[in-house]
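>>> have a look; sequence and predicted model below, questions after that.
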Amino acid sequence: DAMVIQNPRYQVTQFGKPVTLSCSQTLNHNVMYWYQQKSSQAPKLLFHYYDKDFNNEADTPDNFQSRRPNTSFCFLDIRSPGLGDAAMYLCATSRDRVETQYFGPGTRLLVL
Amino acid sequence: GIQVEQSPPDLILQEGANSTLRCNFSDSVNNLQWFHQNPWGQLINLFYIPSGTKQNGRLSATTVATERYSLLYISSSQTTDSGVYFCAVERSNYQLIWGAGTKLIIKP
């Protein structure tokens, strides 16, 4: 089945230690998104790629970076995680902008 | 910016009951999507419904764009329907504006 895959499902890191989360998709969608979701809140968009074109949200901290080396893969790098970055990180894809978004299972990040 | 309000914020029902969830939005939108997030965090797209009515099994949704609201109907609820239901709208760019969600608990 075509799907969105996120690894790892759970990630524990130390305060200030860089961490990378990964997302892959077999849907061959043009657009890939990274969301941050904290407890009892709606997902918050961090950035998205339209093909290779990177689009950063204005309020996304510089501490968060992303890479999309090819159509299938997208990475979220957190350069110096703080306690406030502990959250669920969701990757999503869509065939084009303004179309149905398909989400991966998420990576739950814990910062010690 | 556009505001998205969902009601009720919480809903507790017995298995087998029917429910209606509402999403109001403050301005015209290009699209509206309903999502279900299960207790393990997985978000599933239920409907892409900028206007009109769609049905998928026990779930159906209606969006009345001119009156700026959408309704999600769940019939014959099952315990697996538990979770948070989000409405999200898109107006003039790629970004979805999310409501705060309705937390649904279905008791056996």
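Perfect, thanks for sending it. Residues are numbered from 1 along each chain as shown, chains lettered A, B, ... in the order given.

>>> which parts of chain B sit against chain A?
B:30-31, B:33, B:35, B:40-45, B:48, B:86, B:88, B:90, B:93-96, B:98-101 (Cβ under 8 Å from any Cβ of the partner chain). Placement of C-beta: from N, CA and C, glycine included.

>>> ok, residue A:52 - contacts?
residue A:68 (Cβ atoms under 8 Å, 6 or more residues apart in numbering or on different chains).

>>> repeat for residue B:12
B:104, B:105, B:107.

>>> the first one pairs with what?
In this structure, residue B:104 has the following beta-bridge partners (DSSP bridges): residue B:11, residue B:83.

>>> ChimeraX command to pick out the buried ones of the residues of chain B next to chain A?
For the buried members of those, the matching ChimeraX selection, counting by 16 or more other Cβ atoms under 10 Å in any protein chain shown, is:
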select /B:31,33,35,41,43,45,48,86,88,90,94,95,96,98,99,100,101
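
>>> just the residues of chain B next to chain A: which are in strands?
Members of the residues of chain B next to chain A lying in strands (criterion: DSSP state E): B:31, B:33, B:35, B:43, B:44, B:45, B:48, B:86, B:88, B:90, B:98.

>>> now the two most distant members of these.
B:44 and B:90 (18.2 Å; Cβ to Cβ).

>>> out of the ones in strands among the residues of chain B next to chain A, who's nearest residue A:93?
Residue A:93 lies nearest to residue B:45 out of these, by Cβ to Cβ, at 11.0 Å.

>>> I figured the closest one was touching residue A:102, is that so?
Yes: at 6.4 Å, residue B:45 counts as touching residue A:102 under the criterion of Cβ atoms under 8 Å.

>>> got the contact list for the lowest-mean-pLDDT helix or strand in chain A?
For chain A, counting by mean pLDDT, DSSP states H and E, strand A:53-56 ranks last in confidence among helices and strands (a mean of 88). For strand A:53-56, contacts defined as Cβ under 8 Å, 6+ apart pick out A:46, A:47, A:48, A:49, A:66, A:68, B:94.

>>> what's the distance between the first one and residue A:12?
Translated: residue A:46. Distance of residue A:46 to residue A:12, computed by Cβ to Cβ, to the nearest Å: 20 Å.

>>> who has more neighbours out of those two?
Remark: of residue A:46 and residue A:12, residue A:46 carries more neighbours, 20 against 12, as counted by other Cβ atoms under 10 Å in any protein chain shown.

>>> now for the helix or strand where the more buried one lies, which elements pack on it?
Applying DSSP states H and E as the criterion places residue A:46 in strand A:44-50. Where contact means 3 or more Cβ pairs under 8 Å, 6 or more residues apart in numbering or on different chains; DSSP states H and E, strand A:44-50 is packed against strand A:31-37, strand A:53-56, strand A:64-67.
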